[in-house]
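Undergrad: Fold the following, please.
(chains A, B, C and D, ligands or ions: 2)
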Amino acid sequence: MSETYTLYNPTVMDHFMNPRNMGDLKDADGVGEVGAAACGDIMKISLRIKDGRIEDARFKTFGCGSAIASSSMATELIKGRTIAEALTFSNEEVVHALGGLPPVKIHCSVLAEEALKAALEDYVKRHPESASPVIVAGQSLTA
Amino acid sequence: MSETYTLYNPTVMDHFMNPRNMGDLKDADGVGEVGAAACGDIMKISLRIKDGRIEDARFKTFGCGSAIASSSMATELIKGRTIAEALTFSNEEVVHALGGLPPVKIHCSVLAEEALKAALEDYVKRHPESASPVIVAGQSLTA
Amino acid sequence: MTRHVFLDHQSATPVYPEVFEVMKPYFTEHFGNASSLHQHGLRVRDALRTARQQMAALIHADSEEEIFFTSDGTESSNLAIKGAAYANERKGKHLVVSATEHPSVMNSVEFLEKQGWTCTRVGVTPSGHLRLKELEAAMTPQTVIVAVHHVNHDIGTIQPMKEVGRICAAAGVPLYVDCEASAGWLPVDVKDWGAAMVSFSPHRFYGPKGVGVLYRNKRARIVSILHGGVQEGGRRAGTENIPAIVGGGKAAEMAIGRLTARGEHTALLQRRLWEGLHSRVSFIKLNGPVPGPERISTNLNISTEFIEGEGQLLLCDLSGIAVASGSSCVSKSLKISHVLGAIGLDHALAQGNIIMTLGEGNTAEDIDYVIDSFAGIVTKLRAMSPMWDEFECGVIDSVIAPTGRGKSFSQHAAEVSGKASH
Amino acid sequence: MTRHVFLDHQSATPVYPEVFEVMKPYFTEHFGNASSLHQHGLRVRDALRTARQQMAALIHADSEEEIFFTSDGTESSNLAIKGAAYANERKGKHLVVSATEHPSVMNSVEFLEKQGWTCTRVGVTPSGHLRLKELEAAMTPQTVIVAVHHVNHDIGTIQPMKEVGRICAAAGVPLYVDCEASAGWLPVDVKDWGAAMVSFSPHRFYGPKGVGVLYRNKRARIVSILHGGVQEGGRRAGTENIPAIVGGGKAAEMAIGRLTARGEHTALLQRRLWEGLHSRVSFIKLNGPVPGPERISTNLNISTEFIEGEGQLLLCDLSGIAVASGSSCVSKSLKISHVLGAIGLDHALAQGNIIMTLGEGNTAEDIDYVIDSFAGIVTKLRAMSPMWDEFECGVIDSVIAPTGRGKSFSQHAAEVSGKASH
Ligand SMILES: Cc1ncc(COP(=O)(O)O)c(C=O)c1O
Ligand SMILES: Cc1ncc(COP(=O)(O)O)c(C=O)c1O
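TA: Residues are numbered from 1 along each chain as shown, chains lettered A, B, ... in the order given. Ligands and ions are numbered 1, 2, ... in the order given. Below is the predicted model:
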């Protein structure tokens, strides 16, 4: 076959085939692992946080192509953001940055958001002092 | 197209395209006209009868190809038979001689039998003296 | 005998070479299943999408997502009628259809009637036009679907779809339009009509057999009637017939470009054919509207008195002319076409029925050959017909041009058969 | 990357050149409608009859009159199930099906359940074999049809049809056998099984899409489910898809001659593939019976632990290898194949599911390439998988080869998702 057909758009395919930030962070400051009851995907995000800012992020994903691409993209997007910023992170940003996902796969991006939030929650639990800027940002992690 | 496909078998097609005994008999001794409620076909058979024997037979038919072929074949078969023989004539003889008809067209052969019987009945009505051999043959036309 | 004239375009059309060309690779090479996630599946998905767009364009649909593929026009009708009925049971169990719909609509309705639905069949005028006042009156708060075909397959009558659409919209009832006999030959505009559903089949306009189309407006609710996998957005399970869909799309695309030319070409031949037959054959009648804006330019439906349709059809065939007939002898059910019944055609004329449908490939010379041949065929069959005799002797009268002498054919037929004709 | 290996013959097969060759004239030249009484119609009627004979021969049916054409396997299943249910309502409204039937059977049954029928789903063993005692017990005097497929489409299990047929005969209930996954590859003998109905589709054995077959024994009663004209003896309305039917007939004829060779060729490759995968990839499991008389020789259904199926499928595709998966991520409904559910496959393994189906065109070199590539793909995906890590750290345990350390995948998944996995 001359042409190559792909299930997902080129950006998604790229992040699936060449995932960014794949792996674990040794001595991570926050780790979140979440699962999607819908289809059994599991996603784990590890964060290194310094001075209220995400210095590095890594993911591991058990899931379909769009789950892998979503976690790859989410970790890319989140690097360099403050905790407050990260707490307003939404799956829509992932979908947008990926140039769209099939409707039935949107939940993969939601999983990425949840994994990130879980990692942040873990960080805040371990570093209660960091919770104040969170409240300033008008968000509550414990709600 | 090289080959010719036909709806009916070659015998039926032949009798449809080149009907035998088509027409009316001037001064017929018996004429029968019958119709099939089923599909609106109408068939008319005229007979010339001499010394209790069918000397000649003609048909006219308003109806489909198999109705035309059935009346053509029926008139062919009946020529030369005695009245007694003719009264035992059955549509099955027509179907057989035609080499078969599609199931949905069997009623055409029945119509031919009916037209023949109607013509015989007409003859007997006009020639009451001819009725005796009929009874001898164990049949009653008036029943 | 050398000339072959195909005058049965309502039954079949040859696949255009251009259409066949685009289909070819999808048999042996691009053979994938559209449900597969690999190259072979993804490639044919692309082809499916293109075909949907081509179908949508033909009928002026907004989006390819409103196009569903079925196996043929019959399945599309069944899906439209039963799919809407089952989906809207809570609203009510009443249907409205025109009396001259195709059997695929009529028999779907009969099936639903056995399951507890009721249906109003709206009558037509002698020319086959829907009685709009009756349509209006037929609608109840329980009506879930109205089915009115665009063009009648037997007699070519074009229904006033805009008005039908307006009446349905006013009553708030979705309208299904069977365009099997019109799409590819006449403009179809789902939005202009406000149609909730429209069906058609490419095999009627030089596309392949094996694919039917159902347009469904996003707001119209239907459920699946063939259950299984989630193909066609869950509305039609089963492996998609990709080569036929691809070819059908191409046929639709070509139809868009040729619509006007097709109309003009066939309209000329239609007039030539009818005028020729009318002047050469006595006691012949056109069923349906006169050639013009109320009749599709491809269809002539004629009744020739005192002879029966199958014989005409067979002798035409032996002269190389392919035609159809609505006579009962031609149908496997031994019933005349219910369309001829609905327009109140006399039984004798219904028996003598022949349907000629024109196409792109027919020429003026073909038409002249048909006129000549047909005149000869009529003469031959009338010579065999007892009715012709009896008409000439004044025993029965003509329906087409009554002479005032003799009884009617129906009366005569009833007498000789012992039963009323139907 | 140059090698292309098609291992998805359960989804699609290329049309054989010989098959395409016989189809060709029926597009542009012999384009008639089988209902027409003229040359064009009569010619294709002849072709239809030949195809019916070819189909009958493939399944050892007595007569071509027992063969009906539909549009695909899905429609055949729908017609068999619903057609029998509607035709025999007076006897009762109970159905019996195996739990691993194709969705076209399962969803037809669900539809009937909404209309008042009841259905018993007979369970299967972990290898997918019907529990015959349960089948026997399921039958009641109200049972109108039993549906048991010959070979399962997902896991390749061959059902003991003779015994199933005997049980049904003893209970006096007609048996419908879906042979979509077996016909053309394994012998099918309707008389030997005493089957009342059998369905299959030529597109599964190098024939074209767009035609399905339903064999119906003369004594079995069914009614039509697509209503309209009187095509197919009144059992399936709609214009017959002649080119596909002709091609399907040829494919059936070819299948008869090649059945043994197909079986032998694929059985060799099946063993080579499974042995190769099993030795190269750790924590891999074969679903369904071991290669041998209880499993069709074309199918391998494997679960690779700690990774998910869609990723495997996509990476296979990028290596030129076409496969399928029963994982929920692959299905549009986000549910794992109900077959994997019915054999009680652990959810973690169902998620890691891949289905490889062999065909005539596959070679030993292909298989070796697949084994190599697949081993690499597993390594790549496990490196990305949190489950692999957690297994290695002893947080979770393997289902395939339990170590006694850690919790189950399901338990873990439930914990991290907050809900039980399904
Ligand atoms: C066992 C079985 N039955 C029925 C079907 C439905 O067949 P089709 O796709 O031809 O509609 C399939 C298709 O996957 C199948 O595998
Ligand atoms: C108006 C109309 N609707 C529906 C159909 C059914 O179409 P198909 O033969 O493609 O099933 C026909 C076919 O003759 C038709 O003329």
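Undergrad: Pick out the residue of the stretch 151-300 of chain C closest to chain B.
TA: Of the stretch 151-300 of chain C, the residue with the smallest distance to chain B, taken as CB to the nearest CB, is C:Phe283 at 13.5 Å. Backbone N, C-alpha and C define where each C-beta goes, glycine included.
Undergrad: So that residue sits against C:Thr304, correct?
TA: Yes. Here C:Phe283 lies in contact with C:Thr304, judged by CB atoms under 8 Å, at a distance of 6.9 Å.
Undergrad: before we move on, back to that, what's the closest non-adjacent residue to the residue of the stretch 151-300 of chain C closest to chain B?
TA: Using CB to CB, 6 or more residues apart in numbering or on different chains and skipping residues adjacent in sequence, the residue nearest C:Phe283 is C:Glu305, 3.9 Å away.
Undergrad: what does C:Val97 give?
TA: Setting aside the residues directly before and after it, C:Val97 is nearest to C:Ala147 in space (CB to CB, 6+ apart), at 4.3 Å.
Undergrad: next one: C:Phe374
TA: Once its chain neighbours are removed from consideration, C:Phe374 has its nearest residue in C:Leu277; the separation is 6.2 Å (CB to CB, 6+ apart).
Undergrad: those helices in chain A, which residues are they?
TA: All helices of chain A, identified by DSSP state H, fall at A:10-17, A:65-78, A:83-87, A:91-97, A:106-126, A:131-136.
Undergrad: So C:Phe283 and C:Thr304 - more neighbours on which side?
TA: Under the neighbour definition other CB atoms under 10 Å in any protein chain shown, C:Phe283 and C:Thr304 were set side by side, and C:Thr304 has more, 25 against 19.
Undergrad: gap between that one and D:Gln351?
TA: In this structure, C:Thr304 and D:Gln351 are separated by 71 Å, where distance is defined by CB to CB, to the nearest Å.
Undergrad: can you check A:Leu25 too?
TA: Relative to D:Gln351, A:Leu25 is positioned 26 Å away (criterion: CB to CB).
Undergrad: my read: C:Gln53 touches C:Glu66, true?
TA: No. Between C:Gln53 and C:Glu66 there is no contact, the gap being 10.9 Å when judged by CB under 8 Å.
Undergrad: More neighbours: those two, which one.
TA: In terms of neighbours (other CB under 10 Å), C:Glu66 is the more surrounded of C:Gln53 and C:Glu66; the figures are 20 against 17.
Undergrad: Let me see the contact set for the more buried one.
TA: With contact set as CB atoms under 8 Å, 6 or more residues apart in numbering or on different chains, C:Glu66 has these partners: C:56, C:215-218.
Undergrad: Closest approach to chain D from chain A, which residue is it?
TA: Of all residues in chain A, A:Gly35 sits closest to chain D, with a separation of 3.1 Å (CB to the nearest CB).
Undergrad: That residue: how many residues sit nearby?
TA: Here the count is done by other CB under 10 Å, and A:Gly35 has 26 residues near it.
Undergrad: In the sheet, which residues pair with it? Tell me.
TA: According to DSSP bridges, A:Ile42 are recorded as the beta-bridge partners of A:Gly35.
Undergrad: Tell me who's in contact with it.
TA: Applying CB under 8 Å, 6+ apart, we find A:Gly35 in contact with A:41-43, A:111, D:413-418, D:421.
Undergrad: Just want to check the distance between C:Val144 and chain A.
TA: From C:Val144 across to chain A, the span is 28 Å (CB to the nearest CB, to the nearest Å).
Undergrad: Excluding sequence neighbours, find me the nearest residue to A:Ile106.
TA: Spatial nearest neighbour of A:Ile106, excluding adjacent residues (CB to CB, 6+ apart): A:Val95 at 6.5 Å.
Undergrad: From what I see, that neighbour and A:Ser109 are in contact.
TA: Yes. A:Val95 lies in contact with A:Ser109 (CB under 8 Å); the separation is 5.0 Å.
Undergrad: returning to what we had before: which secondary structure element is home to the residue nearest to C:Phe374?
TA: Using DSSP states H and E, C:Leu277 sits within helix C:242-280.
Undergrad: so after that helix, what's the next helix or strand?
TA: Sequence-wise, the next helix or strand downstream of helix C:242-280 (DSSP H and E) is strand C:284-286.
Undergrad: Could you name every residue contacting both of C:Gln53 and C:Glu66?
TA: With CB under 8 Å, 6+ apart as the test, C:Gln53 and C:Glu66 reach no residue in common.
Undergrad: The stretch 101-250 of chain C: helices as residue ranges?
TA: For the stretch 101-250 of chain C, the helices defined by DSSP state H, counting those that start in this stretch occupy C:103-114, C:132-138, C:161-171, C:190-193, C:242-280.
Undergrad: D:Glu21 versus the nearest residue in space to C:Thr363 that is not next to it in sequence, what's the distance?
TA: Of all residues beyond its chain neighbours, the one nearest C:Thr363 is C:Leu269 (7.9 Å), with distances taken as CB to CB, 6+ apart. Shown here: C:Leu269 relative to D:Glu21, a distance of 36 Å by CB to CB.
Undergrad: Between those two, point out the one with more neighbours.
TA: Counting neighbours by other CB under 10 Å for C:Leu269 and for D:Glu21 shows that C:Leu269 has the greater number, 23 against 12.
Undergrad: if I look at the more buried one, how far off is ligand 2?
TA: Computed as CB to the nearest ligand atom, to the nearest Å, the C:Leu269 to ligand 2 distance reads 20 Å.
Undergrad: Just list the residues touching that residue, thanks.
TA: Under the criterion of CB under 8 Å, 6+ apart, the neighbours of C:Leu269 are C:358, C:362-364, C:366-367.
Undergrad: Mind putting these into CSV with neighbour count?
TA: Listed next are the contacts of C:Leu269 as CSV, based on neighbours: other CB atoms under 10 Å in any protein chain shown:
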residue, neighbour count
C:Leu358, 29
C:Asn362, 22
C:Thr363, 11
C:Ala364, 11
C:Asp366, 21
C:Ile367, 24
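Undergrad: For A:Leu25 and D:Gln351, indicate the residue with more neighbours.
TA: Set side by side, A:Leu25 and D:Gln351 show more neighbours around D:Gln351, with 35 against 19, by other CB under 10 Å.
Undergrad: Wait, the more buried one touches A:Cys64, no?
TA: No. Distance between D:Gln351 and A:Cys64: 9.5 Å, which falls outside the contact criterion (CB under 8 Å).
Undergrad: what's the overlap in contacts for those two?
TA: Taking CB under 8 Å, 6+ apart as the contact rule, D:Gln351 and A:Cys64 both touch A:39, D:308-309, D:327, D:329.
Undergrad: what's the farthest-apart pair in these?
TA: Greatest spatial distance in those: A:Cys39 and D:Gly309, 10.4 Å, computed using CB to CB.
Undergrad: Before I go, just wanted to say thanks for your time.
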